[in-house]
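Enquirer: next one to model:
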Amino acid sequence: MKVLFISSGNSKIGISPITYNQGESLKEQGVIIEYYKIKGKGLKGYLSNVMPLRKKLKAKTYDVVHAHYSLSAFVATLSGAKPLVISLMGSDVKAKSFFKIWIKLFVKLVWSATILKSQDMKESLGLQKVKVLPNGVNFNRFKPLDKKDCQEQLGWNNTKINILFAANPERLEKNYKLAKEAISIIDETNIVVHFLKGVPNTDMPLYYNAADVVLLTSLWEGSPNVIKEAMACNRPIVATNVGDISEVVSRTKGCYVTSFDKYELAEKLSLALTSNDTTGRKDIEYLNANKIACRIIDIYDNVINK
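Expert: Predicted coordinates:
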């Protein structure tokens, strides 16, 4: 089976690590994956890729075209890609209400299959003709490592309490303001907050394993990979109740779901800081990237057979 992955290639690291990791997990299952990286920002920049992509599709035959995020999906649609599978990641449904009308129209009339990352996204979109399938986690890369050794590699002070805010604090939807307020409530002057900002995907396991607690206070999410990756590393987690976070972590020892109340968040952080062990890795075994890849292949088979 030959599949063309379409995704933005505008970031400094090229294609999104989430998209790339999914493609690589499919390769491990014997699928031939090629990547088409969309260059250009904004609607005009994306639309400039329609004709080059159309030429590529005429020059080569693919069993399935799989576009990631809504703008890439629109480009693939206008390029005449068929059969076309779409993955919407969260921001498409939660943050960009303008796109909802188009998304609903294309889901119903054009796209062969649409994958959403959480039940919450499905309810927000209000459509039944979609598949709910979170992104998988590479269990070979994301695994428990010695915390002290990871802290030394990153230059963190192991006499401090190291909290990892698992996002870029400059992104308003990640709601660092709430995290900062809650941390200030905790009666502890020994806390240092670190951020996932511009961190290469290959270094992420070091950051998770170096953290005493992984914290995410987002206003909205689809199915955040940082939570699942931290769980695969058996790290304590505190996260707001958005997307599928509650579904994923609520039964896990050492992991806590909180509201947007700063006092509740501070209480959950204090509890997490006393957790030496978690059951995260065992609890998300069903999200092993290899298992998710097999389910994606089932979706491909279905659209091919139609």
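
Enquirer: in the chain, which helix or strand is least confident?
Expert: Within the chain, no helix or strand scores below helix 91-94, which has a mean of 69 by mean pLDDT, DSSP states H and E.

Enquirer: helices or strands up against it?
Expert: helix 97-109, helix 119-125 (3 or more CB pairs under 8 Å, 6 or more residues apart in numbering; DSSP states H and E). All C-beta spots, glycine's among them, are computed from the backbone N, C-alpha and C.

Enquirer: name the SS class of the nearest residue to residue 20 once chain neighbours are set aside, please.
Expert: Closest residue to residue 20 apart from its sequence neighbours, by CB to CB, 6 or more residues apart in numbering: residue 35 at 7.5 Å. When classified by DSSP: H, G, I helix; E, B strand; the rest coil, residue 35 comes out as strand.

Enquirer: need the pLDDT of residue 13.
Expert: With respect to pLDDT, residue 13 has a value of 59.

Enquirer: on that earlier part again, go through the helices and strands packed on helix 91-94 and pick out the most buried.
Expert: Of all those, helix 119-125 carries the top mean neighbour count, a mean of 18, counting by mean count of other CB atoms under 10 Å.

Enquirer: rounded mean pLDDT for that one, please.
Expert: pLDDT averaged over helix 119-125 gives 84.

Enquirer: so where's this protein shaky on pLDDT?
Expert: For the chain, the stretches with pLDDT under 70 are 10-13, 94-98.

Enquirer: what about 80?
Expert: Along the chain, segments meeting pLDDT under 80 span 9-14, 41-43, 90-100, 187-188, 276-277, 306.

Enquirer: quick check: can you list the domain ranges of it?
Expert: Under the assignment automatic domain parsing, the domains of the chain span 2-136+288-305, 147-286.

Enquirer: can you add distance to residue 22 and give the helices and strands packed on helix 91-94 back as TSV?
Expert: Below are the helices and strands packed on helix 91-94 laid out as TSV (distance: least, CB to CB, whole Å):
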stretch	distance to residue 22
helix 97-109	20
helix 119-125	17
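
Enquirer: quick one: which of these is nearest residue 227?
Expert: Nearest to residue 227, of all these, is helix 119-125, at 13.5 Å by CB to CB.

Enquirer: pull the residues that contact the closest one.
Expert: Helix 119-125 has contacts (CB atoms under 8 Å, 6 or more residues apart in numbering) with 88, 90, 93-94, 100, 103-104, 107, 116, 130, 132, 222-223, 242-244, 247.

Enquirer: could you rerun that using 6 Å?
Expert: Contact with helix 119-125 is made by 93, 116, 130, 132, 222, 243, as judged by CB atoms under 6 Å, 6 or more residues apart in numbering.
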